[in-house]
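Enquirer: Here is my input; please provide its structure:
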Amino acid sequence: MKEPAMEFIRTEDVHFTYDETHPEEPEKPLHDVLKGVTLSIDRGEFVALLGHNGSGKSTMAKMFNAMLIPAAGKVYVDGMDTADESRTYDIRRQVGMVQQNPDNQLVASIVEEDVAFGPENLGVEPVEIRRRVDEALKAVDMYEYRTCAPYKLSGGQKQRIAIAGILAMQTACIVLDEPTAMLDPRGRAEVMHTIQQLNREKGITIILITHYMDEAVQAGRVVVLDSGRILTQGTPREVFSQVGLLKTHKLDVPQATDLAFRLRGAGCPMPHCVLSIDECVSALEPLLAQKGAEA
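Expert: This next block holds a predicted model:
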């Protein structure tokens, strides 16, 4: 029997405003980034957070580990109010952040020293640090590189080291803000494989911000932000079946989904929502075979 889901992060009617006023432009209005976002994320969930630039997704990510505090509304992490400064340390031990550029997160000249940096700052005993570092590097399949210099690694490998650094701090949740944006296809595949593995095998809560729709398809739930509000959310199939809605708001869909949508619009009897290349091929094969037989 499946255990009931346990809420881990909750936002309640969250608002946030960046003050962009300048002495030269005192009439310039404040920039409202979030406009009443209510969202619940369960422990062990894999959630993809989507939206075009300026939609508020990166601001939301910074709310989850108290880097930013709501101007109005509340954010709770494992029951802790992020506005309570006495709980900031505990919250950041629960939620780790991985940024877009891994070079900005690597601080040591040796891989294993970099992964040990976080636990050392938490005051963890040396023997326990050694255990955590080895375990974290093995979890991201980078143990054999433990004595290497980070600058010699590929972009995908560097990002996996950054993820290992968060794992060594034993956070229950990892928020990844466009972690594959600067990587080549191979690097993106490496990082996504690591994320999937950590979620499935270790039950770590994953919140992934991405511009790559084919990455979002791998999540258990997709949340789409538009102009500081939740536009839609649901499973990848539920969200990406709303192609018309997403395109109206200038948002992308997976390439296979877009192709199937266009073919269906041209009169081809394609399934309502195709998410992957394999699904698209499976749908097209009988149609092409039928056309061949008719010819």
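Enquirer: use CA for all of it now, contacts and neighbours both
Expert: Noted.
Enquirer: What segments of the stretch 151-295 of the chain are helices?
Expert: Here the stretch 151-295 of the chain has its helices, by DSSP state H, counting those that start in this stretch, at 155-168, 185-202, 213-216, 236-240, 243-248, 255-265, 277-294.
Enquirer: average model confidence for the shortest one?
Expert: Per-residue pLDDT values over helix 213-216 give a mean of 92.
Enquirer: which secondary element of this protein has the worst mean pLDDT?
Expert: Ranked by mean pLDDT, DSSP states H and E, the weakest helix or strand in the chain is helix 277-294, scoring a mean of 78.
Enquirer: sorry, back to before: now, of the helices of the stretch 151-295 of the chain, which is deepest in the fold?
Expert: Stretch with highest mean neighbour count among the helices of the stretch 151-295 of the chain: helix 155-168 (a mean of 26; mean count of other C-alpha atoms under 10 Å).
Enquirer: Show me what it is packed against.
Expert: Here helix 155-168 touches strand 95-98, helix 111-121, helix 126-139, helix 185-202, going by 3 or more C-alpha pairs under 8 Å, 6 or more residues apart in numbering; DSSP states H and E.
Enquirer: and the angle from it to helix 126-139?
Expert: 140 degrees (axes from the mean of the first three to the mean of the last three C-alpha atoms, to 10 degrees).
Enquirer: can you give me how far helix 155-168 is from the chain middle?
Expert: 14 Å (C-alpha atoms, centre = their mean, to the nearest Å).
Enquirer: do the same with stretch 33-40
Expert: 17 Å.
Enquirer: With stretch 274-291 instead?
Expert: On C-alpha atoms, centre = their mean, the centre of stretch 274-291 falls 30 Å from that of its chain.
Enquirer: same question, stretch 242-250
Expert: The answer for stretch 242-250 is 21 Å, by C-alpha atoms, centre = their mean.
Enquirer: Equivalent analysis for stretch 197-206, please.
Expert: 13 Å.
Enquirer: Contacts for that stretch, please.
Expert: 42-47, 139, 172-176, 195 (C-alpha atoms under 8 Å, 6 or more residues apart in numbering).
Enquirer: can you tell me the average pLDDT over that stretch?
Expert: pLDDT averaged over stretch 197-206 gives 92.
Enquirer: And it, end to end?
Expert: One end of stretch 197-206 sits 11 Å from the other (C-alpha to C-alpha, to the nearest Å).
Enquirer: what's the answer for stretch 143-152, then?
Expert: For stretch 143-152, the end-to-end distance is 15 Å (C-alpha to C-alpha).
Enquirer: As a markdown table, the helices of the stretch 151-295 of the chain with distance to Q105 would be great.
Expert: Below are these laid out as a markdown table (distance: least, C-alpha to C-alpha, whole Å):
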| stretch | distance to Q105 |
| --- | --- |
| helix 155-168 | 6 |
| helix 185-202 | 15 |
| helix 213-216 | 22 |
| helix 236-240 | 30 |
| helix 243-248 | 33 |
| helix 255-265 | 32 |
| helix 277-294 | 34 |
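Enquirer: re earlier: as CSV, the helices and strands packed on helix 155-168 with distance to V281 would be great.
Expert: Converted to CSV, the helices and strands packed on helix 155-168 look like this (distance: least, C-alpha to C-alpha, whole Å):
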stretch, distance to V281
strand 95-98, 35
helix 111-121, 42
helix 126-139, 34
helix 185-202, 21
